[in-house]
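In: I need the structure of the sequence given here:
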Amino acid sequence: MKTRAITGFFFIVVMLASLLNGEYIFTAFLGILSILCLNEFYNLVKTDQIQPNRIVGLIGGACIFAGNTLHYILDIDPKFLLISIPVLLSIFIAELYKKSDTPFTNIAYTCLGFIFSVSPFCFLFALAFIPGHFNDHFPLAFLLLLWSNDTGAYVVGRQFGKTKLFERHSPKKTWEGFIGGMLFTMAIAGVIAHYFTDITWQQWVSIAVLISCLGTMGDLIESMLKRSFDVKDSGNILPGHGGLLDRFDGLLLAAPAVFVYLYLITN
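Out: As a prediction, this is how the structure comes out:
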């Protein structure tokens, strides 16, 4: 528990420091995280029957993230994203030269890595540009609410949890923890609304509910993935926490949903 707490503290400090030091450091940090998560995903799903194309996949993931970030930072036409298409097509070509009985399984898992590991960071990055220019309020608030939900759910679930939420995929999660996490996140949203007046307090609370519900679903989906491959943690890069995917599973559904919500209410 001590190792977990120390690792978590320093990771949060580094994450917040990257965000608060401007768009370029934030971009570089998220880019590194997305590629590390993608590589971790390929390690997780690799078996004798599944052989994702790691090199082409990592290049493709980098192109997707770069196309997204350059569009926002340098105001480059979004057609720049088309640069990733030749790389993605090369995944199919590469399988022609591999001796595999399941080439399309390899292709599917290679491409699934983009959705699972790269796109959540693209949406988290895009939150900073909802106002039309770089502003750290929305991504900072998003991360604080996501961590609040995890903390609240863990504390309440540990103390009062009895009713299993989704035992088939995550036997430790309970309805009591889920509800406690949501209430705690809504309370933190009220505090955030006092300092970040970009939107109303009601809208901040709505975002808290979205993050609680979809962040938990993302966690369950990652648990389902790990159970499919009979592993406990996605990796071991974070002592006491497991892998990076274990720490960012809440982004999978929550980041796109919050981006869409903010885009709609601010436009």
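
In: Pull out the buried positions in stretch 51-71.
Out: 51-54, 56-71 (16 or more other C-beta atoms under 10 Å). (Each C-beta comes from the backbone N, C-alpha and C, glycine too.)

In: same deal with stretch 141-156?
Out: Those would be 141-154, 156, for stretch 141-156 by 16+ other C-beta under 10 Å.

In: out of those, which one sits closest to S206?
Out: Closest approach to S206 among the buried residues of stretch 141-156 (C-beta to C-beta): L145, at 11.2 Å.

In: Chain neighbours aside, what residue packs nearest to the closest one?
Out: Closest residue to L145 apart from its sequence neighbours, by C-beta to C-beta, 6 or more residues apart in numbering: I211 at 4.8 Å.

In: contacting residues around that neighbour?
Out: Counting by C-beta atoms under 8 Å, 6 or more residues apart in numbering, I211 makes contact with F142, L145, L146, N149, T185, G250, A254, V258.

In: so which helix or strand takes in it?
Out: helix 201-228 (DSSP states H and E).

In: what distance separates that helix from the centre of its chain?
Out: 10 Å (C-alpha atoms, centre = their mean, to the nearest Å).

In: Please identify which helix or strand holds F41.
Out: helix 23-45.

In: Just confirm G60 contacts V87, I think it does.
Out: Yes. Judged on C-beta atoms under 8 Å, G60 makes contact with V87 at a distance of 4.3 Å.

In: shaky segments in the stretch 151-267 of the chain?
Out: Where the stretch 151-267 of the chain drops to pLDDT under 70, the residues are 239-241.

In: How about residues contacting the one helix or strand I91 maps to?
Out: Per DSSP H and E, I91 falls inside helix 84-96. Helix 84-96 has contacts (C-beta under 8 Å, 6+ apart) with 53, 56-57, 59-60, 63-64, 67, 103-104, 106-107, 110-111.

In: Of these, which belong to helices?
Out: If you go by DSSP state H, the contacts of helix 84-96 have 56-57, 59-60, 63-64, 67, 103-104, 106-107, 110-111 in helices.

In: ok, so of the residues you listed, who is nearest P120?
Out: Distances from P120 to these, taken by C-beta to C-beta, are shortest for I64, at 11.8 Å.

In: List the residues that contact the closest one.
Out: L81, S84, F114, V118, S119, C122.

In: just G215 next, same as before
Out: Counting by C-beta under 8 Å, 6+ apart, G215 has contacts L146, N149, D150, G250, L251, L253, A254.
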